[in-house]
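J.: fold the following.
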Amino acid sequence: MPQGERDRVRAAFVKASRGAQFAFVGTVRRDGSNLPELAGIEGCAVVSVDEVIYAPALLGDLSAQLFTIQWSGAPLRRAQRAVFLAKSWMYGRAIAVIEVSRLTGRPPLRALRSELLQERLRQLDDALSERVAQADLVVSARVGAIGTLAPEEDQLDEDAPSWRIATLAVREIAKGQPPQAPLVLFPDPPSRRYLGASTFCEGQDGVWLLHRVEADGEEDIPDIPDGYTALHPLDYQAPSLFPRVHVLALRVGTKAEHSSEVR
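T.: Next up is the predicted model:
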C-alpha cells in the first residue's frame, strides 16, 4: 500500500477512536467467546490484550487479559495481530467488547499511540467545553462548610435524594460573576437519579462548573438563594486543571461573542 494511502487509513482510524472506550493491541487466540453468556453467538473471537492504549479506568490493569470481541469488519483469523478500537459490550468473569475499527499490518505503534491519546484528549476537551458553555459559573474554590437541607414534605419517598449544601470560598473565576459565597447543592448519598454526581467535603479544593438551580429545570432540586448544582460527572475537576478549564472558558466566550456579532 502506498504511503499516502497508509496515512489516510491511519487518519480515519484515529478519527474512529471517538466512538471507542477501548484502544488496545491484541492477538487473536481462537474463535468464539470466553463468556458463557455469549456462547453460540456468531462473529466473536477471543483476543489476548498485548498492550492497552486506553480503557475505562475502573477496569484496572487489563494487560494480558483475554477479551471476547465481536468483529465488525472482515472475520478475525487465529494469530492475527492488530490495533483494535472497541466499545463496551459486557462485563462478567471476562470482558466482551464490540469492534469499532482495527488497524492491521505493522503500523508505527509509538506514533499511533500518541495520535490516539491526543485524539482522546481532544474528545475530552470537547465534552468539557460543552459543559463550560452550559455553566453559569466556572470557579476555582475551596469548600468552607457543609450543611444539610431538610427534605420537603412532598419529597419524602425512597427515590428522593437527601440534599447537602457546600459553601464555596471562591479563589479564581473563569466564567460568570459569583455571589460572595456560592452554595452548591449535592445529593449525599447519591440517589438512583443522580448516581454520577460528585459529593464534597469541608476543605476540598477543586474547579466547579456550576449551574443555577432554577436553570436545571429539575423539580426535586430545592431552589435556594445563591444555589447552584454540579451534578454532571464533568462539573467537578481537580484543582490542577483550572488553567486548562480557564483556557476552554476563554475559547467558549470567544465563540459566543463571535456568534453574537454574526447575528
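
J.: strands of this protein, start to end?
T.: 22-31, 44-54, 66-70, 81-91, 95-103, 137-149, 163-175, 183-187, 205-212, 227-229, 236-237 (DSSP state E).

J.: pick the most buried one from these.
T.: strand 227-229 (a mean of 25; mean count of other C-beta atoms under 10 Å). Placement of C-beta: from N, CA and C, glycine included.

J.: quick check: mean pLDDT of that strand?
T.: On average, the pLDDT along strand 227-229 is 95.

J.: who does it pair up with?
T.: Paired strands of strand 227-229, with direction, are strand 183-187 (parallel), strand 205-212 (antiparallel) (DSSP bridges).

J.: and the angle from the shortest one to strand 137-149?
T.: With axes from the mean of the first three to the mean of the last three C-alpha atoms, to 10 degrees applied, the angle from strand 183-187 to strand 137-149 works out at 60 degrees.

J.: send the alpha carbons of strand 183-187 over as CSV?
T.: Output in CSV follows, covering the C-alpha atoms of strand 183-187 (Å, rounded to 0.1, in the frame of the first residue of the first chain):
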residue,chain,number,x,y,z
LEU,A,183,-23.9,27.4,47.6
VAL,A,184,-23.6,24.0,45.8
LEU,A,185,-26.4,21.5,46.4
PHE,A,186,-25.4,17.9,46.0
PRO,A,187,-27.1,14.6,46.8
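
J.: contacts for it?
T.: 149, 161-168, 194, 197-200, 208, 210, 213, 221-222, 224-231 (C-beta atoms under 8 Å, 6 or more residues apart in numbering).

J.: change it to 7 Å
T.: Strand 183-187 has contacts (C-beta atoms under 7 Å, 6 or more residues apart in numbering) with 149, 161-168, 194, 197-200, 208, 210, 213, 221-222, 224, 226-230.

J.: then stretch 101-118?
T.: So stretch 101-118 is contacted by 10, 13-14, 16-17, 23, 25, 53-54, 73, 82-85 (C-beta under 7 Å, 6+ apart).

J.: switch the cut-off to 6 Å
T.: Residues outside stretch 101-118 that contact it (C-beta atoms under 6 Å, 6 or more residues apart in numbering) are 13-14, 16-17, 23, 53, 82-85.

J.: how about those in a markdown table, adding distance to residue 94 and pLDDT?
T.: Below are the contacts of stretch 101-118 laid out as a markdown table (distance: C-beta to C-beta, whole Å; pLDDT from 0 to 100):
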| residue | distance to residue 94 | pLDDT |
| --- | --- | --- |
| 13 | 25 | 96 |
| 14 | 28 | 95 |
| 16 | 24 | 95 |
| 17 | 23 | 95 |
| 23 | 19 | 97 |
| 53 | 20 | 96 |
| 82 | 19 | 96 |
| 83 | 20 | 97 |
| 84 | 15 | 97 |
| 85 | 19 | 97 |
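
J.: between these, which is nearest residue 172?
T.: Distance to residue 172 across the contacts of stretch 101-118 (C-beta to C-beta) is lowest for residue 17, with 33.2 Å.

J.: circling back: any idea which of the strands paired with strand 227-229 gets closest to residue 40?
T.: strand 183-187 (42.4 Å).

J.: pull the distance from that closest one to the chain's centre.
T.: Remark: strand 183-187 is offset 21 Å from the chain centroid, using C-alpha atoms, centre = their mean, to the nearest Å.

J.: list the contacts of residue 72.
T.: So residue 72 contacts residue 99 (C-beta under 6 Å, 6+ apart).
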